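Undergrad: need coordinates for the following:
(chains A and B)
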Amino acid sequence: MGIIEGLSSGFLQAVSLDVFPYLFVGAVFGLVIGVIPGLSGHFAMAMVIPFLYSMEPAAGIAFLLGAHSTVAQGGGLTAIFFSTPGTGQNAATLLDGPPMRDKGLGAMAAGAALTACFLGATFGAVALALLLPGLQRIVLFFGPPEIFVLALLALTFVAVLGKEDIVRSLIAALAGLLLAMIGLDNVTNTERFTFGLLELRDGLELVPVILGLFAVAEMFELWVKGGSLSGVQGNILSTKETQKQIFQGVLEAFKHSWLILRCSSIGAAMGLIPGLGSAPAAFVAYGHAKQSSKSPEEFGKGNIEGVIGSESANDAVEGGALASTIAFGVPGSSSMAILLGALFILGQETGPSMLTQHVDVIFIMIFTIIIGNFIGMVGGMFLVNPLSRATGLRASILVPVLLVIVFTGAFAVQRSFFDIGVALVFGIVGYSMKELGYSRAALLIGFVLGFTVEKNLYLAVQLSGPDFIFDPIPLTLATITIVFLGYNIWTIIRDRNRSNTTHNEQQEQ
Amino acid sequence: MSEDADKVMGNNTTLELFFIVLVGLALGTAFIAALTYDFVSARTPLCILVPLLLLIGTQINRTRIATNAKKVMSDLSYAVRGQNRKFNKAAGIVGSIVMLMLLILIAGHYVGVATFMYILLNVISKESKLLSASVSIGVTTIIYILFELGFNIELYRGLFYDLLSGYASA
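TA: Residues are numbered from 1 along each chain as shown, chains lettered A, B, ... in the order given. Now for the predicted structure:
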């Protein structure tokens, strides 16, 4: 399928009556989830996954990505009105959003943030479309040896670049890989790590694992924390004043379209690197916006450029992140790992076959991101006040309701009672990991990549013998992995030695 | 525990020690199991397990250095005596979910989830009876509409239902 044919087919499918309602519901759901502090994009995606089994691929993709694409928009609103980022990726918005609110310009910041998100996401999606012809050629050079080493490189990036401690992240990544080994070995038909349990013969199901690690763990945290979801009560403006300010914010965003373009480029480029995620991209874009501003001294005191820069970058990341996920089947974040799992459920295979034969599916994703963000922008504008009130919900009401939906979803996938237990166990593991600073994203990506790693290692050894690692691309990727890991370990040791030296000097004084 | 160690390890050293030792034991068992598989099946798990066990050892050592036996024992007895509010709440919700699983198994999905929600809302969170009953019944109805009518997924009816149906249903 050619790119033009895929583009038109993807667009027509995305706006068709079979797909659009799912996209719309997903986008509104994502917006609501984004507004609620503590519930992030991967929570929205995890909640959507159980429903995919009964959907057509196009509808399922639209539903899932629709939900994911608007989470950042909802999170931006909470960051501005309640000084609490709805999701981690909105943390940079805290620098200038709340000061604008304190000046009585909260709705203007919200309007600018929603528009910047939409334009940033559109830029990221267009960048993905433009990358397609290049990716179609590059991906042909990637066989089993290359994919195997690339998967290890991505896993190393995720473990090292995450905000968590490097040893804990590597433990999580390797544990994720090991979890994928549970069940029948496809080559020898040997049962591995099942310990006699019949339910484990086919391995751990992805859905209860995702639901446990993210949805159940988040619910445990909310339950333990208690109280209402937003600690700070924001100033709720009158509806008329709110709408007026929102439209001023939209105009401001369009006035700063050059800034949006630059910050979106930063976001899309950083999205290509596995493990970086949206939050660092938003902070880098914020720094760039400040550096290039005519009034940098106003940053942190309520400068609209700060809001626009960070919000446009954190949504543009998705286009870049999707490119590596689609082309090589190597996800760079937990959200992309969930998307990859969802594509398996929907019977879609990533890699060369998707890039050459199912280009329409890629364009459904691209148009879902654009249309979903547009729905989020318009919906967010009209729902600023009611959505803000959603954060007043008490955890004591929200947790039982969401837990019941999560466990029903875990059961419904295979109608298996065992999967409820799996979701509970991974909920406990996920909550402990979050509390102790272990990377859940690394665990999930390891789990999703485990099958790919083993299959490609087997094929690589069969095709080229153990020397496959000395082929040009695998050798280059392996060298990058080792140098990157070695450099990061060296910087940790160096920083620790410096810190000890300083500590000793202070004690001597 | 020194201030530096506290910064590196956070304040959850006892929990981490417990967690990491538990994970280590599970991985040790997996390592022994992997040794019994043939070469092709054992190759990838062993390649993962060797560095993983080394990292676990490193982390146990880091955690051990950051704490001491006295603190671990004190934290454990504090939790066992029910004086750790966070632990109590986490254990409470896990216990409730185990109860939910038993309820689903015996009385079926709908009775199970409605009872679970009512108990969490009314008995544990002290919400009003009216609110608890409305939320429980409302959400259960939505689940029925969504799963049974919308997606045609039959949720488990429970052992009682099976018995009354003469094991006729799934």
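
Undergrad: which strand or helix spans the residue nearest to residue A:330 when sequence neighbours are not counted?
TA: If you skip the residues right next to it in sequence, residue A:330 has residue A:154 as its closest partner in space, 4.5 Å away by Cβ to Cβ, 6 or more residues apart in numbering or on different chains. For every residue, glycine as well, the C-beta is placed using N, CA and C. Secondary-structure element containing residue A:154, defined by DSSP states H and E: helix A:144-161.

Undergrad: pLDDT wise, what is the residue nearest to residue A:330 at?
TA: Among the per-residue scores, residue A:154 shows a pLDDT of 79.

Undergrad: check residue B:10 too.
TA: According to the model's per-residue confidence, residue B:10 sits at a pLDDT of 43.

Undergrad: before we move on, the earlier item: packing partners for the helix holding residue A:154?
TA: For helix A:144-161, the elements it packs on are helix A:166-179, helix A:304-328, helix A:440-464, helix A:472-508, judged by 3 or more Cβ pairs under 8 Å, 6 or more residues apart in numbering or on different chains; DSSP states H and E.

Undergrad: now with 10 Å, please.
TA: helix A:166-179, helix A:304-328, helix A:334-345, helix A:440-464, helix A:472-508 (3 or more Cβ pairs under 10 Å, 6 or more residues apart in numbering or on different chains; DSSP states H and E).

Undergrad: most packed of those helices?
TA: With neighbours taken as mean count of other Cβ atoms under 10 Å in any protein chain shown, those reach their highest mean count in helix A:304-328, at a mean of 30.

Undergrad: could you give the mean pLDDT of it?
TA: Averaged across helix A:304-328, pLDDT comes to 85.

Undergrad: go on, stretch A:363-377?
TA: With pLDDT averaged residue by residue, stretch A:363-377 scores 91.

Undergrad: ditto for stretch B:47-57
TA: In the prediction, stretch B:47-57 has an average pLDDT of 94.

Undergrad: what do you get for stretch B:87-104?
TA: In this model, stretch B:87-104 has a mean pLDDT of 90.

Undergrad: biggest helix in chain B by residues?
TA: Secondary structure assigned by DSSP state H gives helix B:39-66 as the longest helix of chain B.

Undergrad: who's in contact with the most centrally placed residue in chain A?
TA: Centroid-nearest residue in chain A: residue A:335, 3.5 Å away (criterion: Cα atoms, centre = their mean). Contacts for residue A:335 were tallied using Cβ atoms under 10 Å, 6 or more residues apart in numbering or on different chains; they are A:40-46, A:64-65, A:68, A:71, A:89, A:214, A:277-278, A:317-318, A:321-322, A:325, A:441, A:444.

Undergrad: now do 7 Å
TA: Counting by Cβ atoms under 7 Å, 6 or more residues apart in numbering or on different chains, residue A:335 makes contact with A:41, A:42, A:45, A:68.

Undergrad: how about the closest residue to chain A within chain B: what's its closest non-neighbour residue?
TA: Closest to chain A within chain B is residue B:125: 3.6 Å, counting by Cβ to the nearest Cβ. Take residue B:125 and drop its neighbours on the chain: the residue closest to it by Cβ to Cβ, 6+ apart is residue A:396, 3.6 Å away.

Undergrad: how near is the one you found to residue B:93?
TA: Plainly put, residue A:396 is 11 Å away from residue B:93 if you go by Cβ to Cβ, to the nearest Å.

Undergrad: give me the more crowded residue out of these two.
TA: A side-by-side neighbour count of residue A:396 and residue B:93, using other Cβ atoms under 10 Å in any protein chain shown, places residue B:93 first with 23 against 18.

Undergrad: count of residues packed around the residue of the stretch 1-150 of chain A found nearest chain B?
TA: Here the residue of the stretch 1-150 of chain A nearest chain B is residue A:54; by Cβ to the nearest Cβ that distance is 4.6 Å. Residue A:54 is flanked by 14 other residues according to other Cβ under 10 Å.

Undergrad: identify the residue nearest it in space, chain neighbours excluded?
TA: Among residues not flanking residue A:54 along the chain, residue B:151 sits closest, at 4.6 Å (Cβ to Cβ, 6+ apart).

Undergrad: list the contacts for the residue of the stretch 351-500 of chain A found nearest chain B?
TA: Using Cβ to the nearest Cβ, the single residue of the stretch 351-500 of chain A nearest to chain B is residue A:396, 3.6 Å away. Listed by Cβ under 7 Å, 6+ apart, the contact partners of residue A:396 are A:226, B:121, B:125, B:127.

Undergrad: most neighbours of all the residues you listed, which one?
TA: Counting by other Cβ under 10 Å, residue B:121 has the largest number of neighbours within the contacts of residue A:396, with 24 neighbours.

Undergrad: just the element for the closest residue to that residue other than its chain neighbours, please.
TA: Nearest in space to residue B:121, with sequence neighbours left out and distances taken as Cβ to Cβ, 6+ apart, is residue B:132 at 3.8 Å. With elements taken from DSSP H and E, the one containing residue B:132 is helix B:129-143.

Undergrad: and that helix, how far out from the chain middle?
TA: Average the C-alpha atoms of helix B:129-143, do the same for its chain, and the two points are 25 Å apart (Cα atoms, centre = their mean, to the nearest Å).

Undergrad: tell me which other helices or strands it touches.
TA: Applying 3 or more Cβ pairs under 7 Å, 6 or more residues apart in numbering or on different chains; DSSP states H and E, we find helix B:129-143 packed against helix A:395-414, helix B:109-118.

Undergrad: now do the buried residues in that helix.
TA: Of the residues in helix B:129-143, those with enough neighbours to count as buried (16 or more other Cβ atoms under 10 Å in any protein chain shown) are B:132, B:133, B:135, B:136, B:139, B:140, B:143.

Undergrad: break chain B into its domains for me.
TA: Recorded structural domains for chain B (assignment: automatic domain parsing) are B:3-80, B:96-164.

Undergrad: can you redo those as CSV with distance to residue A:373?
TA: Output for the domains of chain B, formatted as CSV (distance: least, Cβ to Cβ, whole Å):
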stretch, distance to residue A:373
domain B:3-80, 37
domain B:96-164, 26
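
Undergrad: least reliable of those domains going by mean pLDDT?
TA: Across the domains of chain B, domain B:3-80 gives the lowest mean pLDDT, at a mean of 83.

Undergrad: and it with chain A, contact?
TA: Yes. On the criterion Cβ under 7 Å from any Cβ of the partner chain, domain B:3-80 is in touch with chain A at B:4, B:10, B:12, B:15-16, B:19, B:30, B:33, B:37-38, B:40-41, B:44-45, B:48-49, B:51-52, B:55-56, B:58-59.

Undergrad: excluding its backbone neighbours, what's nearest residue A:256?
TA: Using Cβ to Cβ, 6+ apart and skipping the chain neighbours, the partner closest in space to residue A:256 is residue A:308 (5.2 Å).

Undergrad: show the contacting residues for that neighbour.
TA: Shown here is residue A:308, whose contacts under the criterion Cβ under 7 Å, 6+ apart are A:112, A:116, A:253, A:256, A:259, A:260.

Undergrad: farthest-separated two in the contacts of residue A:335?
TA: A:42 and A:68 (8.2 Å; Cβ to Cβ).

Undergrad: higher neighbour count, these two?
TA: Neighbours of residue A:42 and residue A:68, each counted by other Cβ under 10 Å, are more numerous for residue A:68; the result is 29 against 26.

Undergrad: kind regards, and thank you for your time.
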